[in-house]
Structures are given as C-alpha cells and as structure tokens.
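>>> take this sequence and fold it.
(one chain, ligands or ions: 2)
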Amino acid sequence: MLQFSINKVKYRFYMFSKSPPNRSPGLSFKLINSYLVTGDLRRARQLFDKIPQPDLRSWTLLISAHTQHGFSKEAIKIYSTLKLRNIRPDKLLILSVAKACALASDLVKAREVHEDAARFGFHSDTLLGNALVDMYAKCKNVDGARRVFDDICIKDVVSWTSFCRSYVNCGLPRQGLEAFREMGLNGVRPNSVTVSSVLPACSELKDVNLGRQMHGFVMRNGLESNVFVSSALVNMYASCLRIREAELVFSNMSHLDVVSWNGILTACFLNKELEKGLALFYKMRNEGVKLNTSSWNAVIGGCTQGGRNELALELLGHMQDSGFKPNQITVISVLPACTNLESLKGGKEIHGYVCRNWLIEDLTVTTALIFMYAKCGNLELSQKVFGLMPIKDTVAWNTMIIANSMHGIGEESLLLFREMLDAGVRPNSVTFTGVLSGCSHSCLVDEAFFIFNSMSRDHSVEPDAEHFSCMVNVLSRAGHLEEAYEFILRMPKEPTASAWGALLGACRVYKNVELGRKAASRLFEIEPGNPGNYVLLFNIFVTAKLWGEASETRKMMRDRKITKTPGCSWVQVRNKVYTFVVGDRNNTQNHEIYKFLDEMSEKMRLACYMPNTEFVLQDVNEEEKEEILCNHSEKLAVAFAILNLNGESSIRVFKNLRICGDCHNTIKFIAKVVGLQIIVRDTLRFHHFKDGYCSCRDFW
Ligand code: ZN
Ligand code: ZN
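Ligands and ions are numbered 1, 2, ... in the order given. The predicted model follows:
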C-alpha cells in the first residue's frame, strides 16, 4: 500500500513535469497549489509564469502565498502585473492584496486597492470591507478606515472590531472607546477579539474605571478563559498601577503563555515591585516558560529603573548567552545602567553593538548614547554621536544642550539652541531648562534674560518654577546676589528649594553672610532634612570667621538628628570601580597615594600656589577640623587614578557631594604638573581641569 502510494506520487510528479503548460483553468490552480503547500514559492512562480492565461484563483493563491510567507511587497507587485494585463479582479483577489498592503503598511498601494474595490463594486461587501478597514488600520490611516467602514452595508462584529482597533492602533484611544460604545448602541455584541482590541485603550488612558467595566463585561459573557482577553486585562490593570487586580486576573488564568507572563512581569516593574518582578522572572525560567525578547527587555528595564544597574548589565549577558539578540528596546533599557554607573567602558561596548546591528538609525537609541557619554564624562563622544545623526528631533537637541550645560559649556548650549531654532525644531520646556542652566554655568546673564523673556512671547512655552530657579542661578553665580534675592521675592510662583539653594550656594562663593542667613532659613523650612544646606551655611560662617554661629549651625543639625551625607569619590581603573572616603587608608596603595599628595603640596608651596586658607580653621572642634583639613576623597581618587594610569590622557573622578575649594585648587595644580586632563563630576556639574585651569572658571 505504502509502496503504491509512493509510486503514485512519483508517477504524478513525472506526469506534471513532462506535461505542456496547462490550459485548463482548474488545473493551473491545482498545479501551483501543489508547490505552495510545500512553501516552494519560487517554483510555484516559475510554473505560474509559464501559464499563458492563469485563472483568477491562481492569481489569488499566488498573492496570498507570498503574503503568508512574509513577501508582501512581492505580492503587491504580482497584483500590479495583473492590472497591467487588464484583468478584472474579483472580491477574493482584492481581499488577498489588501492583506498584503496591511502587512507592508503601504498606504499608497492601500489607497489604490480601496479605489479598485469601489470601482468594481465591492466596497459595500462586509468581508472585503472588514479587510480594508484592517488594512488602513495597519497603515495607520484612520480616515481611510472610517471611509471604508461607512460604506459597509451590513456591519458585523468583525467590522466593528476592526474599526475600533484602527483607532486604538493609531494612538487614538478615546476615539476607539467611542467607536466601541457606538457598537453597543447599534446592537452588535462584542466578542473576545473586540475586548482584547479595545482594552489597550483603557491601558493607554490609564482609565481603571472603564477597564473595570470591560472586566465586568468579560465576566458576564464568559470571555475570561480567552488568553488574549486575560492578558489584555492584566496589562490594563498593570498600566493603571493596580498590581493586586493584575495578579488576581493572572492567577485565575487557565492557560498561560509567554505573553500573559510578560504582562504580569511588566506589571510588577511598572508598580516598582522590583523584587517581586525578579522572583517572577526566575520562576518563569525555572518553570520552563519559553521566554521571548520582551521578557528579557521587561526584566532589564525593570532593573535599571529600580537602580539595580549591575544586575541589568549581568542580565544582558545572560540574555545573549541564551541566544537572544538584543533589539533597540533592550538597548534603550540597558543604556541607563551604564549612565547611572558612569561606566564608560560598558557604554562603549553597547555603542559597538548598536553599530554592528544597524540600530544607530533609531533616534531614541542614539539620544540615549549621547546622554550616556555626557554623563560618563566624555563630552567629545557625545558630540560625535550627535554630529552623525541624520535627523534630530527636539529630544535629541535637548539632550545635547543639557550635555553641554552639565559640562559647564554654556556658550555651546546657546549655540546649539540657535542652531536648533534655525533647523526649524520646536523647543519645549526642557530645552529652556537646558539652555538657561548652561547660561548659569558660564555667567551669560544678558543672554539668559533674553531667552527667558522670549519663552512665552516667541515659543509659547510658559516659564515654570524650574525656569525661574535657573534665572536665580544665573544671577547668583554671576555674583548679582541682591538681584537674585529680589528676583526670588518677585517670582509669580512659590520659590522652590532649588531657587533658594542656588542663592545659598552663591552666598558661599561670594561670602555674603546676610543673604546666606535669609536663604538658609527659608531652606530649613522647605527641606529641613537636607544636610547640604546646613553644611553650606556652616561653611559661610566659618569663612567669615563667625565661629559662634558656625557651631550653632552644627548644633542645630545635631539636634534635628540630621546626619551629613558622607562624602565619597570613585574612579574606574581597568574595569574596576574604586571608592574613597575622607582620609581613606583602606586602599592597598594608600602609602603611594599620600606620598604623591604630599609631594604635590610641597610643589604647590614652592610654586607659591596659594593654599586655600579659608579652610584653615581655629574655632571648630577636632572632628570638624579633621573633616575640613584632611585629604578629601576627590584628591585621593585623583591621586590613585594618576598612579594607575594606563596610557590614558584623561581621568574621570565622580563625587557624591560638591567639590570643595581647596580640592578644586589642588586638582588644578595637579592637572598642570602631570600634564593630564582631569575631569571631576560633583553634584552640580563636570569640572574639566587642564593646564592649571578649570572649565568652570572657579564658578560652581
Ligand atoms: Zn576638598
Ligand atoms: Zn571647576
């Protein structure tokens, strides 16, 4: 029997290949179908081309087969050939090419197909109309979808569902929900596909009440067993930050696939339940859930957002080891980990991956790279990436402006801002914060005022509290302390801590005790728990040799149980991060570090480099003296990095507090003596030390 059937196949195959091109219409269809069943598109096509007049069924079959195998563009081309031959298509043929246009998101061809449908009188047909609505939805054209929908004579549940979905998929959730309501009014009952298509609208609007109503509908109609419906419900509750409800739906699901697992995983991270999310992810792996790229992206993004940066990078490695290829979402999720860790090396590796995998054209990826390089202290590389971007949107420009401001290069921020306007890109609120903060770092007072005044007048951006704070900062840093104070008093909005903080910081630099007292007293009310303000006021008093008030400030801090944030600095040397605290002696090279610093201070003395005597104190207690006179962490980190140079021409040190005046002076000198560029990032900005100067020009 088996032998026979094999022989029969052989025989039939022999017959086909020997037979001349078939003229009988029914047979050409069968012939092509025999190849298409096995997925051999090429041979089916060859055969098709030999048929002088293929029937419509064969055309349809060939088009559908190409679409099904992902060759939608080819399918559309086949349709064009048919039209060139003046063949009149039937309903099913137009249906097949509509699906191809949907897959290719080809709006031009989609319109042509719609026209053809109308011309041949099929536009009111339900089946074809539904496909055309879907086609327009996939091409993100709601107007087209609406036109087709209006023409359909008998609108069934599929028509309505496609119509609702066209709005939701085009980012118009409100209209999608309206269409859904309209559907109910027309007496058409939604099915599971409708519900899972409309639920994302509730997610996007974060409208939990509407979502709950949909949930009620699902329960009343017994749709909860549908995996798409339940997954959409989980996602909806997750987006509305209702983790308990999301979990409840998830735990009642009878059938779980990776999409539903990913839904609950994302829910945990969205709701900042990092540990729970991680536990769930490990459970998925242990229970053999077939993970997909979205699962990895969810967990990696969750880690970076939750501050578990090292783990995010580790998971990226696991992801690749498990045979998954990171995509642009992975890159965007993991880059902030490098940014937060100031890991230039890790960032560069990801940049390399981005280039190798053609992701560089993704605007979000490139912008994230610019920010990463800037925050890791390498502004040159930020500029390089930015310069290579073919298209720059507002976020890209903003990022480059902020990058320059962070590095204290206000002139460049200003230049970029003008270029941005010339390029016809609209600035937004963030743009102005970036430019104004750049102006403050570079003492560009007039420029800042010009831009500030132009905000609502020329760009319809209303200045908010942050912009006002920037202006206080501009005035303060430029030494116009009285003006800054008056500016705060005249502010139409309640002055924020950052406005008063800017003034207080400037009072320290410009030794203004009176305004310092005023600013500090306001700050102690607004943010009584911030140790930085007490320390600044303390330093102002110490500098003015007002020992009594200095001690009082210290006492106030003690009484309010406010502990100073311990200062620490860190530096990356050969893939390892080394952290230092004040007077640190835990490093294995501490002997060399202190020897180096002693030599430096001796050289400084000989060069008559003025030590910062303001910081030599008389009337403070021993503990305070030690803090002020001892070797600060940034000096130790700089010395350590110099002792461990590996051919680099620049070193990058990071500090969790403001750099102090004495260290600033010393590092300027060190940079000159050793002929290196030393970049120190403190809480406010980057300082680029070179040839005895700092990029901040001693304003910080
Ligand atoms: Zn210091
Ligand atoms: Zn500086």
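
>>> just the helices in the stretch 351-500 of the chain please.
363-375, 379-387, 394-406, 410-422, 429-441, 445-459, 465-477, 481-490, 497-509 (DSSP state H, counting those that start in this stretch).

>>> could you do the stretch 51-200 of the chain as well?
56-68, 72-84, 91-104, 107-119, 126-138, 142-151, 157-169, 173-185, 192-205.

>>> how about the stretch 601-700 of the chain?
622-629, 633-643, 661-674.

>>> dump those helices into a markdown table; add mean neighbour count, distance to residue 655 and mean pLDDT as well.
In this view, the C-beta of every residue, glycine as well, is placed from N, C-alpha and C. As requested, the helices of the stretch 601-700 of the chain are exported to a markdown table (neighbours: other C-beta atoms under 10 Å; distance: least, C-beta to C-beta, whole Å; pLDDT from 0 to 100):
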| stretch | mean neighbour count | distance to residue 655 | mean pLDDT |
| --- | --- | --- | --- |
| helix 622-629 | 13 | 15 | 52 |
| helix 633-643 | 25 | 5 | 92 |
| helix 661-674 | 20 | 9 | 88 |
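
>>> right, so of those, which gets closest to residue 284?
Of all the helices of the stretch 601-700 of the chain, helix 633-643 sits nearest to residue 284, with 41.2 Å by C-beta to C-beta.

>>> could you see whether ligand 2 lies near the closest one?
No - using C-beta under 5 Å from the ion, helix 633-643 never reaches ligand 2; the gap is at least 11.3 Å.

>>> ok, back up a step: what's the closest of the helices of the stretch 601-700 of the chain to residue 411?
helix 661-674 (20.8 Å).

>>> who does the closest one touch, helix- and strand-wise?
helix 590-606, helix 633-643, strand 677-681, strand 686-690, strand 693-694 (3 or more C-beta pairs under 8 Å, 6 or more residues apart in numbering; DSSP states H and E).

>>> about what we covered before: can you redo the helices of the stretch 351-500 of the chain as CSV with mean pLDDT?
Below are those laid out as CSV (pLDDT from 0 to 100):
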stretch, mean pLDDT
helix 363-375, 93
helix 379-387, 94
helix 394-406, 95
helix 410-422, 95
helix 429-441, 94
helix 445-459, 95
helix 465-477, 93
helix 481-490, 94
helix 497-509, 92
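
>>> output the helices and strands packed on helix 661-674 as a markdown table; include the columns distance to residue 72.
Conversion of these to a markdown table gives the following (distance: least, C-beta to C-beta, whole Å):
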| stretch | distance to residue 72 |
| --- | --- |
| helix 590-606 | 65 |
| helix 633-643 | 56 |
| strand 677-681 | 50 |
| strand 686-690 | 50 |
| strand 693-694 | 59 |
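
>>> how close does the residue nearest to residue 169 when sequence neighbours are not counted get to ligand 2?
Distance criterion C-beta to C-beta, 6 or more residues apart in numbering; nearest residue to residue 169, sequence neighbours excluded, is residue 137 at 5.3 Å. The spacing between residue 137 and ligand 2, counted by C-beta to the ion, to the nearest Å, is 56 Å.

>>> related to what we said a few turns ago, tell me which of the helices of the stretch 351-500 of the chain sits nearest to ligand 2.
Closest approach to ligand 2 among the helices of the stretch 351-500 of the chain (C-beta to the ion): helix 429-441, 9.8 Å.

>>> contacts for that closest one, please.
By C-beta atoms under 8 Å, 6 or more residues apart in numbering, the residues outside helix 429-441 that reach it are 394, 397-398, 401-402, 404-405, 408-414, 417, 420, 444-445, 447-448, 451-452, 455, 459, 461, 463-464, 466-467, 470-471, 473-474, 476-477, 502, 685, 696, 699-700.

>>> what is the neighbour count of the one residue in the stretch 501-650 of the chain that gets nearest to ligand 1?
Residue nearest to ligand 1 within the stretch 501-650 of the chain (C-beta to the ion): residue 632, separated by 3.2 Å. If you count neighbours by other C-beta atoms under 10 Å, residue 632 ends up with 26.

>>> residues contacting it?
Contacts of residue 632 by C-beta under 8 Å, 6+ apart are 567, 569, 582, 660, 662, 663.

>>> try residue 560
So residue 560 contacts residue 528 (C-beta under 8 Å, 6+ apart).

>>> the one 3 residues further on too?
Contacts of residue 563 were listed using C-beta under 8 Å, 6+ apart, and they are residue 531.

>>> so it: helix, strand or coil?
coil (DSSP: H, G, I helix; E, B strand; the rest coil).

>>> before we move on, back to that, which of the helices and strands packed on helix 661-674 sits most buried?
Among these, judged by mean count of other C-beta atoms under 10 Å, the one packed with the most neighbours on average is helix 633-643 (a mean of 25).

>>> from what I see, residue 694 and residue 687 are in contact.
Yes - between residue 694 and residue 687 a contact is recorded at 5.0 Å, counting by C-beta atoms under 8 Å.

>>> now for these two: what residues contact both?
The contact sets of residue 694 and residue 687 overlap at 664, 667 (C-beta under 8 Å, 6+ apart).

>>> any idea how far residue 584 is from the residue of the stretch 301-450 of the chain found nearest ligand 2?
The minimum distance from the stretch 301-450 of the chain to ligand 2, using C-beta to the ion, falls at residue 408 (7.4 Å). Distance, residue 408 to residue 584, by C-beta to C-beta, to the nearest Å: 27 Å.

>>> neighbour count winner among these two?
Taking other C-beta under 10 Å, residue 408 and residue 584 do not tie; residue 408 has more neighbours (25 against 21).

>>> so what's that one up against?
By C-beta under 8 Å, 6+ apart, the neighbours of residue 408 are 441, 442, 685, 686, 687, 688, 695, 696, 700.

>>> check residue 217 too.
Contacts of residue 217 (C-beta under 8 Å, 6+ apart): 190, 195, 223.

>>> which of those residues tops the neighbour count?
For the contacts of residue 217, neighbours tallied by other C-beta under 10 Å; top is residue 195, 24 neighbours.

>>> nice, that's everything, thank you.
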